[in-house]
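[1] Can you look at this prediction? I've put the sequence above it.
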Amino acid sequence: MFTLMIFVFIIGYAAIALEHPLKVNKSATALLLAVVLWVLFVIGGEGILVSNTGFQEYLLKNPDGSFLDWLSHHALLEHLGEISEILFFLLGAMTIVELVDSHEGFRIITDKITTRNKVKLLWVISIITFFLSAVLDNLTTSIVMIALLRKLISDKKERWFYAGMVIIAANSGGAFSPIGDVTTIMLWIGGHVTTVNIIVKTFIPSVLSMVVPLALLSFSMKGELQKISQKVDEHKHDPTSSFERNLVFYLGVGSLLFVPIFKTITHLPPYIGILLGLSVLWIVTEIMHKSKNEEFKSKVTVAHVLRKVDTPSVLFFLGILLAVSALQTVGHLDLLAKTLDKHVGNLYVINVIIGILSAVVDNVPLVAGAMGMYQNTFVPDHYFWEMLAYCAGTGGSILIIGSAAGVAVMGMEKIDFIWYLKKISIWALIGYLTGSLAYWVMSVSIFHA
């Protein structure tokens with residue numbers, strides 16, 4: 001059953017990748033994959049666990065408990081709780097962005113981006129994304145930037161190239177900041193890295209992981225972008241005023257920026273902060289539009305915006321993370337980490353491999369596994385932890401479903417997995433390896449690790 005779970009995961013992953021040829025929605029496949037893996041886990045029973053420490057600890061606290069009790073009411077619920085934090089954060093952020101968009105708030109930025117040159121716009125968008133993701137996080141930033149791209153580029157396929165670069169830039173920007181990515185947050189909160197050290201030692205590799213694919217993609221782009229027709233907004237009979245646009249934009253962006261501050265002050269998870277921002281924005285817009293006609297209110301209220309949120313993508317996220325959590329609970333990922341340690345040995349190479357694997361398997365359990373393995377081996381700010389933050393953060397760009405940012409963009413833009421694999425993955429891989437090499441050179445020659 002242990003081996004069968006791996007086989008089923010590979011088949012399910014292939015079906016997700018071949019969504020368009022198979023004409024089966026990836027969300028349906030991901031949900032089915034998750035259910036099948038957990039069912040196989042139940043059938044396999046305690047015997048397939050690589051380590052039953054968690055189950056034994058549960059029995060000490062609950063002497064009358066059984067394997068099924070632990071699996072259903074502890075292990076599964078624990079993973080579901082962690083996944084729900086991400087899903088509610090995603091829902092909150094997407095709703096805020098859609099609300100700002102429905103009020104034409106992004107015109108404040110798009111009106112200032114006047115260049116129609118494809119290459120210049122690619123660099124502008126990528127640089128903004130890179131630094132914004134370090135302040136917010138890669139998931140929120142990618143959602144905001146896709147909303148901006150929709151206002152700047154009308155052609156869907158052309159916009160996909162920019163969206164691909166947004167994924168790379170968001171993951172690169174999140175990797176050098178202690179609050180820019182879930183994995184760096186884990187390492188930071190766990191005391192393995194400190195704020196100044198992680199920025200100093202991973203900033204240049206992170207920049208290279210973005211600039212290299214950005215430069216390579218620039219060579220394939222020529223000419224000017226077509227102007228977006230003004231007819232798009234003609235159906236809006238009651239356009240928002242300048243005051244309303246500004247208020248919703250700054251309140252929306254302020255809500256997103258406030259999330260890491262809220263987390264630092266209260267120590268509550270980020271999704272609580274995003275729900276706070278959404279609730280405030282919801283109340284403000286309800287009061288602001290209370291005297292407007294029903295036709296206008298039906299287009300700009302949160303109730304309307306919630307209908308536009310891409311629910312299938314949220315369910316895809318739920319499915320793929322639940323599937324990976326099944327492998328994590330059984331011990332597949334821990335066994336993988338130990339195998340790497342035994343047969344590879346070199347810590348730099350191990351991190352590079354972990355980064356590449358994070359494009360296939362969610363980087364959170366991979367980093368969690370590495371933290372568990374080396375918890376008492378390396379001191380804080382050891383080069384292993386810093387390179388792990390870089391590799392796990394940027395490696396996910398190699399495949400579109402390798403990061404939260406990629407999954408969000410895939411859902412919003414309906415980007416095909418195979419298209420991304422053909423057009424973006426090779427450049428993301430080259431950038432990732434360049435940054436990894438740069439980290440190794442800096443670590444050996446400058447920091448003498």
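    Structure received.
[2] Just checking, which helix or strand of the protein averages the lowest pLDDT?
    Each helix and strand of the chain was given a mean pLDDT (mean pLDDT, DSSP states H and E); the minimum falls on helix 363-374 at a mean of 70.
[3] Now the helix or strand just after it - C-alpha only, PDB.
    Tracing the chain C-terminally past helix 363-374 and defining elements by DSSP states H and E, one meets helix 383-394 next. The C-alpha coordinates for helix 383-394 follow below in PDB (Å, rounded to 0.1, in the frame of the first residue of the first chain):
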ATOM      1  CA  TYR A 383      24.200  28.200   5.600                       C
ATOM      2  CA  PHE A 384      22.000  25.200   5.200                       C
ATOM      3  CA  TRP A 385      19.000  27.000   6.600                       C
ATOM      4  CA  GLU A 386      19.600  30.100   4.400                       C
ATOM      5  CA  MET A 387      20.000  28.100   1.200                       C
ATOM      6  CA  LEU A 388      17.000  26.000   2.200                       C
ATOM      7  CA  ALA A 389      14.900  29.200   2.300                       C
ATOM      8  CA  TYR A 390      16.200  30.300  -1.100                       C
ATOM      9  CA  CYS A 391      15.800  26.900  -2.800                       C
ATOM     10  CA  ALA A 392      12.400  26.000  -1.400                       C
ATOM     11  CA  GLY A 393      11.100  29.500  -2.200                       C
ATOM     12  CA  THR A 394      12.400  29.800  -5.800                       C
END
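[4] Next secondary structure element downstream of helix 383-394?
    The helix or strand immediately downstream of helix 383-394 is helix 404-413, counting by DSSP H and E.
[5] Which other helices and strands does that following helix contact?
    Here helix 404-413 touches helix 76-102, helix 138-152, helix 156-175, helix 311-330, helix 417-423, going by 3 or more Cβ pairs under 8 Å, 6 or more residues apart in numbering; DSSP states H and E. From N, CA and C alone the C-beta is placed, and that goes for glycine too.
[6] And the last one, what's buried?
    Translated: helix 417-423. By neighbour count with 16 or more other Cβ atoms under 10 Å, helix 417-423 contains the buried residues 417, 420, 423.
[7] Can I get those residues in CSV including pLDDT and distance to residue 446?
    Output for those, formatted as CSV (pLDDT from 0 to 100; distance: Cβ to Cβ, whole Å):
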residue, pLDDT, distance to residue 446
417, 86, 39
420, 93, 35
423, 92, 35
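[8] which of those lies closest to residue 119?
    Nearest to residue 119 among these, counting by Cβ to Cβ, is residue 423 at 16.3 Å.
[9] surely the closest one meets residue 162?
    No. Under the criterion of Cβ atoms under 8 Å, residue 423 is not in contact with residue 162, lying 11.7 Å apart.
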